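*Asks:* quick check, what structure comes out for this input:
(2 chains)
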Amino acid sequence: MDIPASLAAAARGDQAAWDALVRQFSGLLWSIARAYRLSDADAADAVQCTWIKLVEHLDRITEPERLAGWLATTARHECLQLIRRSGRLPEPAEIEDSADPAPPVDHALLVGERDAALWRVFEELPDRCRRLLRVLMASPPPAYTEVAAALDMPVGSIGPIRQRCLNRLRALVRGEQVLEERS
Amino acid sequence: MSEDDDFLAELRAAANRYDPVPAGVLRDASAALALRALDAELAELVEGEAALVRGDDGPLLLAFESERVTLNLEISGDTVRGLVTGAVGEVVVETPRSRRSAPVTDGWFTVTEVPSGLVRVQVTAADGTVVVTQWARF
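*Replies:* Numbering: from 1, shown residues only, chains lettered A, B, ... in the order given. Now for the predicted structure:
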């Protein structure tokens, strides 16, 4: 889509152009809120506040071609503000090894169940990995510059960390499959 | 597509299935355009972003300024109290879902039962110009 054109049309009050922007970027904003582990209500709040801030700035977006980065940065600020307000402590950097058994896995990882198992295992990732991958999972897939803005990390570090985190996740999936076979 | 890209695509499918953007979030986003304060002068937050963070149980204090008016807000619980200079008539305290007007007495106004989240205040300057503050979170 032609983002600068949609932005200009939305600034003139064109609801269809605005809705096109909403469809294009809501997935990214929702993923960012979830990457920061916001609850349903807080994530909805952070996303809505981001859109309202864009409405407030419609005439003042100086680089329309970088709208996605602007939205990602704004969403990050909204998320951090909500986290500060709730007094929630930051997540620990690494999850502890737990003696608790993994949640029960359905007997066969049939095609339809593979997503569910993957999603469950994903939640066990260390926070840094979970956060990066959750933003990368946005639909449509975000550019690295947007991911960098969302998480305040250098663009150049995303590729290597992404690779490490996907490998960790593969290892977790394999571990779950081993448990599965033993049970 | 590399193996990593394939794996990420699989994860994206799982996220779309188990944590999709809720329909209500999309509806609110669509409706946000109507909250645009066209033709209004913007009163900007004077103090830094730190002013948006409430201290321990104390009221949230916010100062806004435009060319024509100044607005000081004190938000405590669900009550918004304000001191306005340069404005005439009523104020409107607005959230994304509600609008409440209040009379101004000697520059002061009070609006109660304001739902938490975002809030902004609209006033009319002495020359008739509508002035609206930036949105603030409380």
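*Asks:* which bits of chain B sit near chain A?
*Replies:* With the criterion set to CB under 8 Å from any CB of the partner chain, chain B comes near chain A through B:4, B:7-8, B:10-19, B:21-22, B:24-26, B:28-30, B:32-33, B:35-38, B:42, B:52-54, B:96, B:117-118, B:134-135, B:137. C-beta here means a position set from N, CA and C on the backbone, and glycine is covered the same way.
*Asks:* any buried residues in the longest helix that chain B contains, and which?
*Replies:* Longest helix in chain B by number of residues (criterion: DSSP state H): helix B:3-18. Across helix B:3-18, burial judged by 16 or more other CB atoms under 10 Å in any protein chain shown covers B:7, B:8, B:11, B:12, B:13, B:14, B:15.
*Asks:* tell me which stretches of chain B form strands.
*Replies:* B:41-45, B:60-65, B:70-76, B:79-85, B:87-95, B:98-102, B:108-111, B:118-125, B:130-133, B:136-137 (DSSP state E).
*Asks:* quick one: strands adjacent to the last one?
*Replies:* Each strand that strand B:136-137 pairs with, and the sense of that pairing, follows from DSSP bridges: strand B:118-125 (antiparallel).
*Asks:* packing partners of the helix or strand where residue A:168 lies?
*Replies:* Here residue A:168 sits within helix A:155-182, counting by DSSP states H and E. Packing contacts for helix A:155-182, counted by 3 or more CB pairs under 8 Å, 6 or more residues apart in numbering or on different chains; DSSP states H and E, involve helix A:111-122, helix A:127-136, helix A:144-151, helix B:3-18.
*Asks:* dump the ones you listed to JSON lines, plus mean pLDDT.
*Replies:* As requested, the helices and strands packed on helix A:155-182 are arranged in JSON lines below (pLDDT from 0 to 100):
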{"stretch": "helix A:111-122", "mean pLDDT": "81"}
{"stretch": "helix A:127-136", "mean pLDDT": "97"}
{"stretch": "helix A:144-151", "mean pLDDT": "97"}
{"stretch": "helix B:3-18", "mean pLDDT": "94"}
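*Asks:* for the ones you listed, give me JSON lines that also has distance to residue B:100.
*Replies:* Listed next are the helices and strands packed on helix A:155-182 as JSON lines, based on distance: least, CB to CB, whole Å:
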{"stretch": "helix A:111-122", "distance to residue B:100": "43"}
{"stretch": "helix A:127-136", "distance to residue B:100": "37"}
{"stretch": "helix A:144-151", "distance to residue B:100": "35"}
{"stretch": "helix B:3-18", "distance to residue B:100": "39"}
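*Asks:* so which of those is nearest residue A:51?
*Replies:* helix A:144-151 (15.4 Å; CB to CB).
*Asks:* next, the angle helix A:127-136 makes with the closest one.
*Replies:* Relative orientation of helix A:144-151 versus helix A:127-136 (axes from the mean of the first three to the mean of the last three CA atoms, to 10 degrees): 130 degrees.
*Asks:* can you give me the buried ones in helix A:144-151?
*Replies:* A:144, A:146, A:147, A:148, A:149, A:150, A:151.
*Asks:* related to what we said a few turns ago, closest one to residue A:49 among the helices and strands packed on helix A:155-182?
*Replies:* helix A:144-151 (14.9 Å).
*Asks:* can you give me the neighbour number for residue 114?
*Replies:* No chain in the question, so chain A it is. 14 (other CB atoms under 10 Å in any protein chain shown).
*Asks:* you answered for a different chain; I wanted chain B.
*Replies:* So residue B:114, with other CB under 10 Å, has 18 neighbours.
*Asks:* quick one: pLDDT of it?
*Replies:* For residue B:114, the pLDDT comes out at 91.
*Asks:* from what I can see it touches residue B:96, true?
*Replies:* No: using CB atoms under 8 Å, residue B:114 makes no contact with residue B:96, being 11.6 Å away.
*Asks:* name the residues that touch stretch A:165-178?
*Replies:* Under the contact criterion CB atoms under 8 Å, 6 or more residues apart in numbering or on different chains, stretch A:165-178 has outside partners A:102, A:105, A:109, A:117-118, A:121-122, A:124-126, A:128-129, A:132-133, B:4, B:7-8, B:11.
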